[in-house]
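Participant: here is a sequence with its predicted model. Questions after.
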Amino acid sequence: MKTRSKRQTFIWAAVLPATILFVWSAVSLTGLVPPYLIPAPLDVLKTLFLFIFGTQADHAPYSGTFIRHASASLSRVLAGFAMASLIGIPAGILSGRSWRICAVIDPFIHLLRSVPGIAWLPLAMIWFGIGNTTSLFLIVLAAFFPVYVSTYEGARNISPRWVQTAEMLGATKQQILMRVVLPGAFPSIEAGLRISLGISWAYVVLGELTGVNSGLGALIMDARMMGDVIIVMVGIICIALLGRISDLLLQFLLHRLPGHYAGRNGGETIL
Amino acid sequence: MNGPDQAIQFCEVSKDFSNGPDGKAPLSVLHRLTFSVETGEFVVILGPSGCGKSTILNILAGFERQSSGQVSVFGLEVGRPSSEHGMIFQEDSLFPWLTVKDNMLFGPRCRGKKPLPDVRAYLELVNLPGFEEFLPHQLSGGMKQRIALARLLINHPRLLLMDEPFGALDAQTREDVQELVVSVQMKYGPTVVFVTHDVDEAVFLADRILILSARPARLSAVIPVPATRPRDARWREEPLFHRTVAEVRHALKKSM
């Protein structure tokens, strides 16, 4: 096992962003690419600051609207992600441990899964119009599959020993599902949830591009029409940061669940 | 034949697996095997590896069903697995997400037992007092097997099935847990069926040793172990122990 300090990890984590920032600055300072395509990093930073902390008095068109847009997107993400998880985890557990349920739902789910999420957009707009419901529909649909598939795999692959042990200790089938399969599949479920949360952010933006009033996707689309590349970039940065923060928060919460089980590997690395 | 003293009746039991090694011919694991075990007896099943020893335990536990023949445990046909017939597996079967205490209370909780039994008493019984809040990955192999034993004993099984439970342990730990099993059996008196391929272990533990032939398993010899109980580490030093070991080795060789 390789040992490493927090500081070392942090330094390595900073390498890639620092490089990108350096190249970006160089490109914009030399004037190789005009600023309406790639604006200066400092301008983006200033606008980002105003976007978050500014007020209407700053006379910048989007100043101070961060909370409105971010909370609109965040609430859609949370609602869609929660619904996808609440359907996906039970469906995956049942399908992974019951051949009948698997026979009924699994082939159909994989048929639906092969349709790219974006192909649902026109249908969603016909059914639900433009707005919250369309966004929510797209998120739930897209975020469901990773949760389902990874829960299914996790439920299938738990040690047969554990199931036999539970039977022999007197557990009923329902108790085995809740007390053995669910916690035993947890490492897989966690992976599925993290992927799904990321996908939820992707699809909230897709849903918002169709012309809702608020949300980071709506902001980006609006700014594009105004030719404001800086705000487009600010929107992208905000989505990246919120996505990352929500992922960290999700892990933080999951690791505090009672009976959290991180799998057999304690995070050892070989390189 | 089916008297009250019979804990286990295995009568003309065969077991075939439909998927043999070549995928076509069925694999016959047990062939018309007949034996019985008395209540409170400690029986060790010895045989070459792959001869179907584990299959016998799986049938007794209710994990598998025989292809033909009758199996009864305490006068009843074996149905689903139950906490009356506890099994200890070769590898650790502790739930890694539960503490030692929650692992031990898994059975009583599932069966809605109230009040819950006293975990501490059972941890003391297996010489691991104070380990309630440990997680399985913090324990050594020998400790895990002792916890697995305590987790069964807390349910007071009438029949204890042990499938090479100490096969993965080092020699010293192995002798320690063997002595522990002897003392536990003295205290609770369950009927024990213990599978191993270690002759010393068999002679140390057993009242009676059943020697099986290579697959499909038939009973090739039954050797009573003359030592009285209680036994302790000194039993290993006695000439009778070594004579019995030699006798068992000889019978085992003949069975192959």
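Facilitator: Sure, I can see it. Only a predicted model underlies this, so the values are computations on that prediction, with no experimental measurement involved.

Participant: number of residues surrounding whichever residue of the stretch 51-200 of chain A sits closest to chain B?
Facilitator: Of all residues in the stretch 51-200 of chain A, A:Leu169 sits closest to chain B, at 3.5 Å by Cβ to the nearest Cβ. No exception for glycine: its C-beta is placed from N, CA and C like everyone else's. A:Leu169 has 30 neighbours, counted by other Cβ atoms under 10 Å in any protein chain shown.

Participant: that one touches B:Ser83, doesn't it?
Facilitator: Yes - with contacts counted by Cβ atoms under 8 Å, A:Leu169 reaches B:Ser83, the gap being 5.7 Å.

Participant: which neighbours do those two have in common?
Facilitator: Both A:Leu169 and B:Ser83 are in contact with B:107, B:155, where contact means Cβ atoms under 8 Å, 6 or more residues apart in numbering or on different chains.

Participant: can you list the residues of the stretch 51-200 of chain B near chain A?
Facilitator: Residues of the stretch 51-200 of chain B lying near chain A by Cβ under 8 Å from any Cβ of the partner chain: B:61-63, B:80-83, B:85-87, B:89, B:91, B:93, B:95-98, B:102, B:106-107, B:110-111, B:137, B:151-152, B:155.

Participant: in helices, which of the residues you listed fall?
Facilitator: In this view, those that belong to helices under DSSP state H are B:61, B:102, B:106-107, B:110, B:151-152.

Participant: can you give me the helices in chain A?
Facilitator: With DSSP H, the ranges of helices along chain A come out as A:6-30, A:41-53, A:66-97, A:99-113, A:120-128, A:132-157, A:160-168, A:173-176, A:182-184, A:186-208, A:216-225, A:229-254.

Participant: among those, which comes closest to B:Phe204?
Facilitator: Across the helices of chain A, B:Phe204 has its closest neighbour in helix A:160-168 (25.6 Å, Cβ to Cβ).

Participant: quick one: that closest one to helix A:66-97, angle?
Facilitator: For helix A:160-168 against helix A:66-97, the angle between stretch directions is 70 degrees (axes from the mean of the first three to the mean of the last three Cα atoms, to 10 degrees).

Participant: could I have the buried ones of the residues of the stretch 51-200 of chain B next to chain A as ChimeraX selection syntax?
Facilitator: Typed into ChimeraX, the line below selects the buried ones among those, using 16 or more other Cβ atoms under 10 Å in any protein chain shown:
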select /B:61,62,63,81,82,83,85,86,87,89,91,93,95,96,97,98,102,106,107,110,111,151,152,155
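
Participant: now do the strands in chain B.
Facilitator: For chain B, the strands defined by DSSP state E occupy B:6-17, B:27-38, B:42-46, B:68-73, B:76-77, B:85-88, B:159-163, B:191-196, B:208-212, B:219-224.

Participant: turn these into a markdown table, including distance to A:Ala40 and mean pLDDT.
Facilitator: Converted to a markdown table, the strands of chain B look like this (distance: least, Cβ to Cβ, whole Å; pLDDT from 0 to 100):
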| stretch | distance to A:Ala40 | mean pLDDT |
| --- | --- | --- |
| strand B:6-17 | 72 | 87 |
| strand B:27-38 | 74 | 88 |
| strand B:42-46 | 80 | 93 |
| strand B:68-73 | 81 | 89 |
| strand B:76-77 | 83 | 85 |
| strand B:85-88 | 69 | 90 |
| strand B:159-163 | 70 | 93 |
| strand B:191-196 | 75 | 93 |
| strand B:208-212 | 82 | 92 |
| strand B:219-224 | 88 | 88 |
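
Participant: of those, which is nearest A:Leu48?
Facilitator: Of the strands of chain B, nearest to A:Leu48 by Cβ to Cβ is strand B:85-88, at 61.5 Å.

Participant: could you export that closest one as CSV, CA atoms only?
Facilitator: This file holds the C-alpha atoms of strand B:85-88, laid out as CSV (Å, rounded to 0.1, in the frame of the first residue of the first chain):
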residue,chain,number,x,y,z
HIS,B,85,-29.8,-26.3,12.8
GLY,B,86,-26.9,-23.9,13.0
MET,B,87,-24.1,-24.1,10.5
ILE,B,88,-20.6,-22.8,10.7
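
Participant: and the contacts of that strand?
Facilitator: Residues outside strand B:85-88 that contact it (Cβ under 8 Å, 6+ apart): A:164, A:168-169, B:57, B:60-63, B:73, B:78, B:145, B:148-149, B:152-153, B:155, B:157-163, B:165.

Participant: which among these end up buried?
Facilitator: Neighbour counting by 16+ other Cβ under 10 Å classes A:164, A:168-169, B:57, B:60-63, B:73, B:78, B:145, B:148-149, B:152-153, B:155, B:157-163, B:165 among those as buried.

Participant: in its sheet, which strands sit next to the least confident helix or strand in chain B by mean pLDDT, and in what direction?
Facilitator: Ranked by mean pLDDT, DSSP states H and E, the weakest helix or strand in chain B is strand B:76-77, scoring a mean of 85. Sheet partners assigned to strand B:76-77 using DSSP bridges are listed as strand B:68-73 (antiparallel).

Participant: what residues does the partner strand touch?
Facilitator: With contact meaning Cβ under 8 Å, 6+ apart, strand B:68-73 is reached by B:2, B:6-14, B:32-33, B:59-60, B:77-78, B:84-85, B:159.

Participant: select only the buried ones of those residues in ChimeraX?
Facilitator: If you want just the buried ones from those in ChimeraX, going by 16+ other Cβ under 10 Å, the selection is:
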select /B:6,7,8,9,10,11,13,14,33,59,60,78,84,85,159
